[in-house]
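> I need the structure of the sequence given here:
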Amino acid sequence: MKTEMNRRRFVQFAAAGCASCIGGSPLMAFGASPKGTKIISPGCRKSKVKVALLYVGVPGGLYPNPNIKIQDEMKVYAAQFAKLQDQLRDVDFTVDILVSNVDQVKLLKDRLKGVDGILAIHLTLGTGPVFREILSVGRPTVVFSPPYAGHEWHALTAVRRQKGGENLECLLTTNYKQLAVAIRPFRAIHHLREAKVLNVAARQGAAYVKAVKDKFGTEIKQVPLEHMVAAYNAVDDRAAKDEAKRWTKGARKIVEPTSEEIFKSCKMALAFEALMDEEEATVIAVDCYGTMYQPLCHAYAYPCIGFTRLNDMGLGGICQSDLPCVMTYIIFQGLSGRPGFTCNPTFDFSTNSATLIHCLGTRKMDGPDGPAARYNLRSVMERQEGVTPQVRMRIGQEVTTGILDQMSPLLYFTGKITATPETERGCRTKIAVKVDGSSQKLWRNWGSGIHRLTCYGDLRQELELFCRFKQIEMINEA
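Next comes the predicted model:
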């Protein structure tokens, strides 16, 4: 490998103690214990997320209390960060210091310019000039300001609306869990900048690829058919048979696929991992319904098991070379630590719902260290061939569905899963989502193609922070 920590070793590092990840075994996709989601950063193969933690306060200030001890206040926050350590394992606080005046910030500017974001903890009154100097660095900045910290929120409201204010957001709250929320947009920014996407396709939009690189730093590399076939042929058949046994044993039912089709699909899955190791990539997409259908999917194997497996591992596999879905996937994963489900809808106004469907399902929607959903092995519905995991997701789960349309806007809606329909109509994996808002408005406002990316959780707050820092308009379609 070209770097000291290759992609497989990174997954082991990022999962932070997940027993299934030891040794980089393919069992990683099956055996992770449900210990709760840990934020992971597949974009961090080179470095951790860099955050400057600035405590902003004036010793001896009159408010909130002239007798306040700044060091004691800082210890309170240190204890809160310790409670959040599972969510911050990929974060490096490269600056962790008290700043009380403008000159102190000026001395730090070179270090601050190299971070992904600044988290400024508001401690006392008399810090307005300090905050303005911090913002002059031009890095995304979240101010955490609980009640009684000071009256600077008043001035920061105005600053937020001024030129340069797009780099400022404030969390006025006593909920210390929001400290982790404040860092999530920095993580997504870091993911995007260090992510590498492989696109197995005969064509690729050069203008879109350049726009992505210019705005986010994300590299999208086209992979020719010959390279993918060589990776497939290089996979040891015994390893592919072992992988096929795991998928077969783990399935509730095997409906259409033959053992030979499952074997070929698992061989393709291992080829994806090998190719991503070679390229130190974090996401792979295949033009499986377009330029790669006949020469790769039909002649060799469909990519569906390989995509599900990568999603389970904390990496990414996206259908149909849908690059906007790829970018949305990386953003959502950076904000939540969870993979997404590429899907498209059908609507039922009578129940105010959208049923989100795709043949390929993601098993570990809670993240690589979370529980795996039950699945059947099915054929791809439209083609009546190949192998795809039909996944049963969690009823009652809140979800966020969205797509980044070009570089802006980000279209989204939220809702709750009410059913996982099983019918021989439409694609294999389905979730009926009761829409927050109106499914009729969602249909009327629908734009930017048919595909969306769905992630567990209500990500509106994190998306608002991220989109503000990256100057992306957010539009709620519902």
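> leaving out chain neighbours, which residue sits closest to the residue nearest the centre of the chain?
Nearest to the mean C-alpha position of the chain, counting by C-alpha atoms, centre = their mean, stands Q333 at 0.9 Å. Closest residue to Q333 apart from its sequence neighbours, by C-beta to C-beta, 6 or more residues apart in numbering: P339 at 6.0 Å. Placement of C-beta: from N, CA and C, glycine included.
> ok so, going back, C-alpha coordinates for the helix or strand hosting the residue nearest to the centre of the chain, PDB please?
Using DSSP states H and E, Q333 falls within helix 323-336. Extracted in PDB, the C-alpha atoms of helix 323-336 (Å, rounded to 0.1, in the frame of the first residue of the first chain):
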ATOM      1  CA  LEU A 323     -23.000  10.500  -8.600                       C
ATOM      2  CA  PRO A 324     -25.400  12.900  -6.800                       C
ATOM      3  CA  CYS A 325     -26.500   9.900  -4.700                       C
ATOM      4  CA  VAL A 326     -22.800   9.200  -4.000                       C
ATOM      5  CA  MET A 327     -22.200  12.700  -2.800                       C
ATOM      6  CA  THR A 328     -25.400  12.700  -0.700                       C
ATOM      7  CA  TYR A 329     -24.300   9.300   0.800                       C
ATOM      8  CA  ILE A 330     -20.900  10.800   1.900                       C
ATOM      9  CA  ILE A 331     -22.600  13.800   3.400                       C
ATOM     10  CA  PHE A 332     -25.200  11.800   5.300                       C
ATOM     11  CA  GLN A 333     -22.600   9.300   6.500                       C
ATOM     12  CA  GLY A 334     -20.300  12.100   7.700                       C
ATOM     13  CA  LEU A 335     -23.100  13.700   9.600                       C
ATOM     14  CA  SER A 336     -24.500  10.600  11.200                       C
END
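> just checking, what packs against the helix or strand following that helix?
Sequence-wise, the next helix or strand downstream of helix 323-336 (DSSP H and E) is strand 341-348. Applying 3 or more C-beta pairs under 8 Å, 6 or more residues apart in numbering; DSSP states H and E, we find strand 341-348 packed against strand 353-358, strand 429-435, helix 439-445, strand 452-456.
> note down every partner strand of strand 341-348 and its orientation.
Looking at strand 341-348 with DSSP bridges, its partner strands are strand 353-358 (antiparallel), strand 452-456 (antiparallel).
> quick one: that strand to strand 429-435, angle?
60 degrees (axes from the mean of the first three to the mean of the last three C-alpha atoms, to 10 degrees).
> list the buried residues in strand 341-348.
341-343, 345, 347 (16 or more other C-beta atoms under 10 Å).
> before we move on, what about stretch 231-247?
231-232, 235, 240, 243-244, 246-247.
> ok, and what's touching that stretch?
The contact list for stretch 231-247, computed with C-beta atoms under 8 Å, 6 or more residues apart in numbering, reads 26-27, 29-30, 259, 262-272, 274-275, 278, 300-301, 305, 377, 389.
> which among those residues count as buried?
Among the contacts of stretch 231-247, those classed as buried by neighbour count (16+ other C-beta under 10 Å) are 26-27, 29-30, 262-272, 274-275, 300-301, 305, 377, 389.
> you'd agree I403 is up against L411?
Yes: between I403 and L411 there is a contact under C-beta atoms under 8 Å: 5.4 Å.
> now do the contacts for the residue nearest to Q333.
311-312, 314, 316, 329, 333, 362, 364-365, 367, 455.
> make TSV from those and add secondary structure and distance to K213 to it.
Converted to TSV, those look like this (DSSP: H, G, I helix; E, B strand; the rest coil; distance: C-beta to C-beta, whole Å):
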residue	secondary structure	distance to K213
N311	helix	24
D312	helix	28
G314	coil	23
G316	strand	18
Y329	helix	17
Q333	helix	19
T362	coil	27
K364	coil	29
M365	coil	29
G367	coil	28
C455	strand	24
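> of these, just say which sits nearest to L198.
Using C-beta to C-beta, G316 comes nearest to L198 of these, at 10.2 Å.
> burial check on the closest one, number of neighbours?
26 (other C-beta atoms under 10 Å).
> so the residue nearest to the centre of the chain versus V229, what's the distance?
Going from Q333 to V229 by C-beta to C-beta, to the nearest Å gives 29 Å.
> which strands or helices does the longest helix along the chain pack on?
Longest helix of the chain, by residue count under DSSP state H: helix 259-279. On a contact count with 3+ C-beta pairs under 8 Å, 6+ apart, helix 259-279 meets helix 7-15, strand 196-200, helix 225-234, helix 237-250, strand 283-286, helix 304-313, strand 385-391.
> the ones you listed: lowest mean pLDDT?
Lowest mean pLDDT within the helices and strands packed on helix 259-279: helix 7-15, at a mean of 39.
> how much does the helix holding Q333 deviate in direction from strand 341-348?
On the basis of the same axes, to 10 degrees, helix 323-336 is oriented at 100 degrees to strand 341-348.
> which residues of the chain score low on pLDDT?
1-46 (pLDDT under 70).
> hmm, back to that, compile the helices and strands packed on strand 341-348 into CSV and extend it with columns for distance to A372.
Formatted as CSV, the helices and strands packed on strand 341-348 follow (distance: least, C-beta to C-beta, whole Å):
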stretch, distance to A372
strand 353-358, 18
strand 429-435, 14
helix 439-445, 30
strand 452-456, 13
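> can you redo these as TSV with distance to I118 and mean neighbour count?
Compiled in TSV, these are given as follows (distance: least, C-beta to C-beta, whole Å; neighbours: other C-beta atoms under 10 Å):
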stretch	distance to I118	mean neighbour count
strand 353-358	37	24
strand 429-435	36	24
helix 439-445	35	16
strand 452-456	26	26
